[in-house]
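Asker: Fold the following for me, if possible:
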Amino acid sequence: MATWAKVKFFWDKLQGSAGSTLTASSTAAGDYSAEYLYNMLETNIWKAADTLPAYISYDAGAGKSGSADYIAIAGHNLFSSGALLSLQYSADGITYTDAFTPFVPTSDGSVLKEFTNPGPFRYWRLAITGMSAAPFMAICIWGVSTELDYATASFDPYAEEAISNVNLSLGGYVAGIHTQYIERSMSLKFDDADAALYGKLRQWWVTSGIKNFFVAWEAANNPADVFLMRPDTSFNNPIKVGGARREISFSLKGRKE
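Answerer: Predicted coordinates:
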């Protein structure tokens, strides 16, 4: 029998930390700044100028360092361009070590790669090589993942709704359908949650808020199921009678890629 994994959130990122910088070795002419990669929006992208090896480099700043055990990417052409990806770390910004075996994504959908945290380092970079077309990405973050728990109520990780305009005739006949996009939804509940679980979710909410983030509902047996989603605008998790436990529930939504 397969062992299932707990729900995981991927929101905590090195990019944007105080005193840090993020630069690209190659950027196409136009509005394609590497700074867009960590604002968690899909409306702007970084794009390389050509098909030469490209590096997205993070520097934590003098006297600082950061840890990571995942990298997540959305809104990209890395699969269709045949790009080989490797996240690397360095103590001096000169000699880099791969955090995992380089790989080519299996689709142009959201990509999640987890790996063993090598410890805090000042310098990190994403190496993109071997592509047949100039690579681009809307979101690319790396940092430390947040493991939650097993949901205590049933949910459908593939629930979705077609956001559409349906025109009906006076007689009730369908005269036309315009589908704008498909929206994923996921409702998670953790009943009888302890202080540790609540603390993780409270930190996520306070730090990330209603921004997009990546969620894996069960990464052990469904590793391709990583979704870019956002929470509802409220955070309300009642304390149960006795005060030691909470009832935690929230809903997530996100555009299906």
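Asker: Now the phi/psi pair for the closest residue to F115 other than its chain neighbours, please.
Answerer: Nearest non-adjacent residue to F115, counting by Cβ to Cβ, 6 or more residues apart in numbering: F100, 4.2 Å away. Quick note: C-beta positions are derived from backbone N, CA and C, even for glycine. Phi and psi for F100, reported as degrees, to the nearest 10, are phi -160, psi 170.
Asker: separation between F100 and T23?
Answerer: 22 Å (Cβ to Cβ, to the nearest Å).
Asker: How about Q180?
Answerer: 36 Å.
Asker: Of the two, give the one with the bigger neighbour count.
Answerer: Set side by side, Q180 and T23 show more neighbours around T23, with 14 against 10, by other Cβ atoms under 10 Å.
Asker: on contacts alone, who are the packing partners of the host helix or strand of that one?
Answerer: Assigned by DSSP states H and E, T23 falls within strand 21-24. With contacts taken as 3 or more Cβ pairs under 8 Å, 6 or more residues apart in numbering; DSSP states H and E, strand 21-24 sits against strand 54-59.
Asker: Could you spell out the sheet neighbours of the following helix or strand past the strand it packs on, each with its direction?
Answerer: Once strand 54-59 ends, the next helix or strand along the chain (criterion: DSSP H and E) is strand 70-76. Strand 70-76 sits in its sheet next to strand 111-114 (antiparallel), strand 136-143 (antiparallel), going by DSSP bridges.
Asker: can you put those strands in a markdown table and add mean pLDDT and mean neighbour count?
Answerer: Converted to a markdown table, these look like this (pLDDT from 0 to 100; neighbours: other Cβ atoms under 10 Å):
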| stretch | mean pLDDT | mean neighbour count |
| --- | --- | --- |
| strand 111-114 | 98 | 20 |
| strand 136-143 | 98 | 23 |
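Asker: can you give me the strands for the stretch 151-257 of the chain?
Answerer: Using DSSP state E, counting those that start in this stretch, the strands of the stretch 151-257 of the chain run over 160-168, 174-193, 213-216, 226-231, 246-255.
Asker: Let me have these in JSON lines, adding distance to I73 and mean pLDDT as columns.
Answerer: JSON lines is the format used below for the strands of the stretch 151-257 of the chain (distance: least, Cβ to Cβ, whole Å; pLDDT from 0 to 100):
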{"stretch": "strand 160-168", "distance to I73": "22", "mean pLDDT": "93"}
{"stretch": "strand 174-193", "distance to I73": "18", "mean pLDDT": "94"}
{"stretch": "strand 213-216", "distance to I73": "9", "mean pLDDT": "98"}
{"stretch": "strand 226-231", "distance to I73": "10", "mean pLDDT": "98"}
{"stretch": "strand 246-255", "distance to I73": "15", "mean pLDDT": "95"}
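Asker: Next, format those strands as a markdown table and append distance to D92.
Answerer: A markdown table is the format used below for those (distance: least, Cβ to Cβ, whole Å):
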| stretch | distance to D92 |
| --- | --- |
| strand 160-168 | 47 |
| strand 174-193 | 42 |
| strand 213-216 | 30 |
| strand 226-231 | 32 |
| strand 246-255 | 39 |
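Asker: hey, which of those strands is tucked in deepest?
Answerer: Mean neighbour count (mean count of other Cβ atoms under 10 Å) peaks for strand 213-216 among the strands of the stretch 151-257 of the chain, with a mean of 26.
Asker: other SSEs contacting that one?
Answerer: Using 3+ Cβ pairs under 8 Å, 6+ apart, strand 213-216 sits against strand 8-10, strand 226-231.
Asker: Return the list of strands paired to the last one, each annotated with direction.
Answerer: To tie it back to what came earlier, the one meant is strand 226-231. Counting by DSSP bridges, strand 226-231 is paired with strand 213-216 (antiparallel), strand 246-255 (antiparallel).
Asker: Send over the longest one as CSV, restricted to the C-alpha atoms.
Answerer: C-alpha atoms of strand 246-255 as CSV (Å, rounded to 0.1, in the frame of the first residue of the first chain):
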residue,chain,number,x,y,z
ARG,A,246,-8.5,24.6,16.7
GLU,A,247,-10.8,23.9,13.8
ILE,A,248,-8.9,25.1,10.7
SER,A,249,-10.5,25.4,7.3
PHE,A,250,-9.9,27.5,4.2
SER,A,251,-10.6,27.5,0.5
LEU,A,252,-8.1,27.9,-2.4
LYS,A,253,-8.6,29.0,-6.0
GLY,A,254,-6.4,29.3,-9.0
ARG,A,255,-6.5,29.4,-12.8
